[in-house]
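[1] I'd like to go over a predicted model; first the sequence, then the structure.
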Amino acid sequence: MSEEIQTLRAVAERALKFQQYMLRRAWGLYYAVWSLAFVLWLAIPYSISILYPDAGFYPYLIAYSIPGIIGILATSWIFSRARRTIELRHVTSGLQRRRNFSLIAWLIFFAILISSIAFSRSTFYFVYSAFLMILDYFIYKSLKYSFPKIPVEGYVAIATFTSSVAVTAISFIFTQAYYILALGWFPSIAGWLFSSIYSLYHAPESMVE
Amino acid sequence: MSEEEGKEKELRLLGEKVNEPALKSSVRILILISLALNRHLTFTDLLELTGLGKGSLSNHLDKLEASGLIKSKIIRTFGGYRMIVSITPKGIEAYKGLISILASLAKA
């Protein structure tokens, strides 16, 4: 390998080191956006049901869609950075690029999720729980690809999200009581808020390590 | 010739390979790669990335901007005015050129 390529590789590795700092900050914002989305998903539909019992379908659709759209935009923003970083890391390390869970796969899964509403309620709950579990695994894999070693706040986010997913699935099977479902998401709200603050505060350490 | 001068010479040759005279410096390549990964960065981010002084960084940014690889603008934020530096489509093409050279020679 020529010296110029070795020098370019050294520069790319320095950029990747800096990228750990940038990604940690980006993940910090990601946790904050989703923490807020979880709060809005619980609070707004509940408020509508209390204040306007005859509100109908559309206020709920808007209440669920807006936090979701904001969250998806934040997700797309952070994962586009992470994807470009992973591509560069693979080039510098000479590894083969792995196949991502593609956009088409997500769209198919969303289509199955939405169409399952047409079937029985239990079918929808089953598909929804499966969706959350896949999402949980996807977040874990994305963290693993974003950093050489998953930071502390990443494990907190994964652990709290996993507990919320488990409570959601169990509540669907046994009770379908709203308050249990809501309580189940409190660990994620608190955990992701903590992860956000922790990662934004500790991000500069990534450049020193 | 020192090791650093040797590296700079090698990068000049690399800059010629991607047909971009502005990329004959390891600092400018570093800035271009980071901008390609993040699409835009603040001037403060770039100071942290490069470890340079403000004047020196401004000189490098001027060269990259004159070549059309990046563009900068001043925006007003809650904390005052901030300089945001973004990569241009030409800059992304130059980055892809660098990476394809790195990828193809790494395989060889």
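    Received it, and whenever you're ready, just let me know what you need.
[2] what's the pLDDT at A:Ser76?
    Per-residue confidence (pLDDT) for A:Ser76: 82.
[3] which residues of the chain fall in helices?
    Reading this off chain A. A:3-51, A:57-93, A:103-115, A:121-146, A:152-174, A:178-202, A:205-208 (DSSP state H).
[4] if you could check chain B rather than the one you did, that'd help
    For chain B, the helices defined by DSSP H occupy B:3-17, B:26-38, B:43-50, B:54-66, B:89-107.
[5] mean neighbour count added to these, as JSON lines?
    Backbone N, C-alpha and C define where each C-beta goes, glycine included. Below are the helices of chain B laid out as JSON lines (neighbours: other C-beta atoms under 10 Å in any protein chain shown):
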{"stretch": "helix B:3-17", "mean neighbour count": "15"}
{"stretch": "helix B:26-38", "mean neighbour count": "24"}
{"stretch": "helix B:43-50", "mean neighbour count": "18"}
{"stretch": "helix B:54-66", "mean neighbour count": "16"}
{"stretch": "helix B:89-107", "mean neighbour count": "16"}
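[6] need the contact list for the residue nearest the centre of chain A.
    Geometric centre of chain A, nearest residue: A:Ile139, 5.2 Å, by C-alpha atoms, centre = their mean. Going by C-beta atoms under 8 Å, 6 or more residues apart in numbering or on different chains, A:Ile139 touches A:Ala157, A:Ile158, A:Phe161.
[7] among those residues, who's most crowded?
    Among those, A:Ala157 has the most neighbours (other C-beta atoms under 10 Å in any protein chain shown), with 29 neighbours.
[8] how far away is it from A:Phe109?
    21 Å (C-beta to C-beta, to the nearest Å).
[9] neighbours around the residue of chain A found nearest chain B, how many?
    Taking C-beta to the nearest C-beta, chain B has its nearest neighbour within chain A at A:Glu4, 3.6 Å off. By other C-beta under 10 Å, the residues close to A:Glu4 number 21.
[10] out of the helices of chain B, which is closest to A:Ala203?
    With C-beta to C-beta as the measure, helix B:43-50 is the member of the helices of chain B nearest A:Ala203 (10.6 Å).
[11] low-confidence ranges in the chain?
    Going with chain A. Scanning chain A for pLDDT under 70 picks out A:1-3, A:94-103, A:113, A:116-118, A:176, A:206-209.
[12] sorry, I should have been clearer: chain B.
    B:1-19, B:105-108.
[13] what residue of it is the furthest out?
    Chain B, C-alpha atoms, centre = their mean, max distance from centroid: B:Phe78 (27.7 Å).
[14] which ones are touching that residue?
    B:Phe78 neighbours (C-beta under 8 Å, 6+ apart): none.
[15] and it, how far is that from chain A?
    Counting by C-beta to the nearest C-beta, to the nearest Å, the gap between B:Phe78 and chain A amounts to 16 Å.
[16] and B:Ile29, by the same measure?
    5 Å.
[17] hmm, A:Ile112 is touching A:Tyr128, no?
    No: with contact defined as C-beta atoms under 8 Å, A:Ile112 does not count as touching A:Tyr128 (10.3 Å).
[18] hmm, back to that, quick check, nearest of the contacts of A:Ile139 to A:Met22?
    Of these, the one sitting nearest to A:Met22 (C-beta to C-beta) turns out to be A:Ala157, at 18.1 Å.
[19] B:Lys71 against B:Lys90, yeah?
    No: the criterion here is C-beta under 8 Å, and B:Lys71 misses it with B:Lys90 at 10.0 Å.
[20] what's the burial count for A:Trp106?
    A:Trp106: 15 surrounding residues under other C-beta under 10 Å.
[21] likewise for A:Asp54?
    4.
[22] same check on A:Ala130?
    Look at A:Ala130: counted by other C-beta under 10 Å, it has 16 neighbours.
[23] for A:Gly154, see how far away it is.
    Distance from A:Ala130 to A:Gly154, by C-beta to C-beta: 23 Å.
[24] what of B:Glu65?
    Counting by C-beta to C-beta, the gap from B:Glu65 to A:Gly154 is 36 Å.
[25] again, but for A:Ile197
    A:Ile197 is 14 Å from A:Gly154, by C-beta to C-beta.
[26] looking at the two, which is more packed in?
    A:Gly154 (23 against 15).
[27] nearest spatial neighbour of that one, chain-adjacent residues omitted?
    Leaving aside its chain neighbours, A:Gly154 sits nearest to A:Leu143 (4.3 Å; criterion: C-beta to C-beta, 6 or more residues apart in numbering or on different chains).
[28] then B:Ile70?
    In space, B:Ile70 is closest to B:Leu64, 4.6 Å off (C-beta to C-beta, 6+ apart).
[29] which ones are touching that neighbour?
    B:Ala22, B:Arg28, B:Ile31, B:Leu32, B:Ile70, B:Gly91.
[30] pipe those into a markdown table and attach distance to A:Ile173 per row.
    Formatted as a markdown table, the contacts of B:Leu64 follow (distance: C-beta to C-beta, whole Å):
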| residue | distance to A:Ile173 |
| --- | --- |
| B:Ala22 | 61 |
| B:Arg28 | 59 |
| B:Ile31 | 54 |
| B:Leu32 | 53 |
| B:Ile70 | 55 |
| B:Gly91 | 53 |
